[in-house]
Each structure stands twice: as C-alpha cells, then as structure tokens.
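Visitor: My questions are about this predicted structure, shown below with the sequence.
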Amino acid sequence: MAERGYYEFTQLLKQALEENPLVIGLVALGSMADLDYHPDQWSDHDFFVICETGAQEEFRTDLTWLPDNDQIAFWFRETEHGLKVVYHNGHLLEFAVFDLLEMELAKVDRYRVLIDRGHVKRTLERIAARTVLEADSSVADDRLLFGQFLTNLIVGVGRYRRGEILSGEEHTKTYALNHLLTLITKYVPSPNGNLLDRLAPSRRFEFVYPELGEELDRILYMAAPEAAAQMIAIAARELPAAMPIYPAGELEHVQLYIERMKN
C-alpha cells in the first residue's frame, strides 16, 4: 500500500476497478465496509471483486490491477476464489474474485457495495439474508453447543495432563472457548450487541463485553486445567438465568472432573 492512508487506498482500488469494463462489482467487507465501526491502523482491506464470467482467473493471477502493485511483497491463493496479498509495509489484502454465479458461494455479514453494474446489491442482499439464517441455525442447538464446550474442556485438560501440552491448550483455549463465546453472544445481552460478528464470535467481543473480555484474556495466560476451571465458572455465572434450558447437571459433573485434574 506504499504509505497511503486507508481511505486513499480504498478510493484508488475503486477507481481502478471502475475503469475496467470487465468489472461488474466491488463489495467492501468487514472494517472496509465502514459501517458501525471504522477501519483503523490495524485493519486490512477485505473485499469481493465481481467480474464478467470468464475473466475471474485473470484477476486472480495478474495483480497489476491492484493499487501500488509494485509494492507487493508476496501473495498466494488461499482458496479457489480467494487470495491474500501482503505489501512491503505489512498491509494485508484479503479478497475473492467471483462472477455473479460464483458469488452465491460466499457468506457475508457486514458489507457495502462500492460498484454495482448489474444486480450485485440485490445478490448480496439475498446472500446476507441466507448467511443470517445459516448462522442462526448453526447455533440453535444449545445442547450441542454446551456439550461441545464441556467435552472439549475434558479432552483439553486430559491431553494437557498426559503431556500433550499444545493439543490440550488448543482444545481448551480455542475449541471450548469458541463454543463458550457463541453461547455468551447468543444469550448475554449488551447495548453494543450490533458490533458482533455472526461468523466469528471472538471478533470485537471485547467491545461488546469489555469486562468479560478482560477476564477471558487473563484466563488465556493460565495453564489448561486452571483455564478450564475458570471458563466453567464464567458459564455458571453468566448463562443459567439466560438459557431456556440450562444443563446444570452436566456442567457440575465436568466441573468436578476438572477440579480433580487440577490437583
């Protein structure tokens, strides 16, 4: 990105794509959408480029259409449609190139359409509505979510005690934590709840739940058995009054197990 400001880069990107007759649309995602939160010095540029059918691969392999392309340090294909590009100053681009039909494969949360030359906005509205339904249905089963939270703690602490420290920490502080965050964001209200990301419960969690965010950050520095015990304590404190069916017996059983494993 050379040393350009964030918004200047966005405008140069939009201008370059507007001048290309093969481009149908440009969609800003996440921070780049600049909706209820704004990009800052740590924000990457996250976007979709929608082009005419048959032109996608050219945009994915020849990056001369990007602003300051002579300042690109490296890039790679992350998926069939998506790329990551890193500039010499560390600025990151994450983007995918679709035609209108391929765009149906995407999921979107926050977005803003910057270029629309043919049904891009209408297509995105449909995709966003579908994403909401899929996200809601994926967290609908509280028994599954709570069960995954508890069993990942059991596996994590067991592996940690066995000596598989990395795997134990992963199950405790990644898998179990993610399910706990999903339950919290589903049931614990906050006046800033609109900032949450439906696709990633850890995104902006601290902005929505500042005290819980600080508490969980401290927990991540603990060894897996102690971290597991503290995460159970948070679940026992935050969720009983909010969940329609709270599995108190299951939590108590795992809590006793974790306490034994701490000693």
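Guide: Sure thing, it's come through. Numbering: from 1, shown residues only.
Visitor: Can you report phi and psi for the residue nearest to residue 162 when sequence neighbours are not counted?
Guide: Among residues not flanking residue 162 along the chain, residue 168 sits closest, at 7.6 Å (C-beta to C-beta, 6 or more residues apart in numbering). All C-beta atoms are positioned from the backbone trio N, CA, C, and that covers glycine. Main-chain torsions, residue 168, degrees, to the nearest 10: phi -60, psi -40.
Visitor: Just give me the neighbour total for residue 30.
Guide: Here the number of neighbours of residue 30 (other C-beta atoms under 10 Å) works out to 23.
Visitor: what's around the closest residue to it other than its chain neighbours, how many residues?
Guide: Closest residue in space to residue 30, ignoring its immediate chain neighbours: residue 46 at 4.5 Å, by C-beta to C-beta, 6+ apart. Taking other C-beta under 10 Å as the neighbour definition, residue 46 ends up with a count of 20.
Visitor: Tell me if I am right that residue 46 is in a strand.
Guide: Yes - looking at residue 46 with DSSP: H, G, I helix; E, B strand; the rest coil, it is inside a strand.
Visitor: hang on, it packs against residue 95?
Guide: Yes - the pair residue 46 / residue 95 is scored as a contact, 6.9 Å apart, by C-beta atoms under 8 Å.
Visitor: I figured the residue nearest to residue 162 hits residue 228, correct?
Guide: No - Residue 168 is beyond contact range of residue 228, at 9.4 Å (criterion: C-beta under 8 Å).
Visitor: who has more neighbours, those two?
Guide: residue 228 (32 against 23).
Visitor: mind checking pLDDT for that one?
Guide: Listed pLDDT for residue 228 reads 95.
Visitor: Repeat that for the one 10 residues further on.
Guide: The pLDDT attached to residue 238 in the predicted structure is 93.
Visitor: Might one say that residue 228 is in contact with residue 157?
Guide: Yes - proximity of residue 228 to residue 157 meets the contact threshold set by C-beta under 8 Å, at 5.2 Å.
Visitor: what's the overlap in contacts for the two?
Guide: Residues touching both residue 228 and residue 157 comprise 172, 258, 261, with contact defined as C-beta atoms under 8 Å, 6 or more residues apart in numbering.
Visitor: Am I right that the second one is in a helix?
Guide: Think residue 258. Yes - under three-state DSSP, residue 258 falls within a helix.
Visitor: Would you confirm that it contacts residue 152?
Guide: No - checked against C-beta under 8 Å, the pair residue 258 and residue 152 is beyond contact range at 11.9 Å.
Visitor: between residue 168 and residue 228, what contacts are shared?
Guide: Contacts common to residue 168 and residue 228, judged by C-beta under 8 Å, 6+ apart, are 156, 157.
Visitor: Would you state the strands of the stretch 1-150 of the chain in chain order?
Guide: 23-29, 45-51, 72-77, 82-87, 92-98, 111-116 (DSSP state E, counting those that start in this stretch).
Visitor: So for residue 12, which of these sits nearest?
Guide: strand 45-51 (10.7 Å; C-beta to C-beta).
Visitor: average pLDDT for that closest one?
Guide: Averaged over strand 45-51, pLDDT sits at 93.
Visitor: And the contacts of it?
Guide: Counting by C-beta under 8 Å, 6+ apart, 6, 9-10, 13, 17, 20, 22-32, 59, 91-100, 103, 106, 120 sit against strand 45-51.
Visitor: and the most centrally placed residue in the chain, what is it in contact with?
Guide: Centroid check for the chain by C-alpha atoms, centre = their mean gives residue 200 as the closest residue, at 3.6 Å. By C-beta under 8 Å, 6+ apart, no residues touch residue 200.
Visitor: Student question: in the protein, what's the helix or strand with minimum average pLDDT?
Guide: One helix or strand of the chain scores below all others by mean pLDDT, DSSP states H and E: helix 120-138, with a mean of 73.
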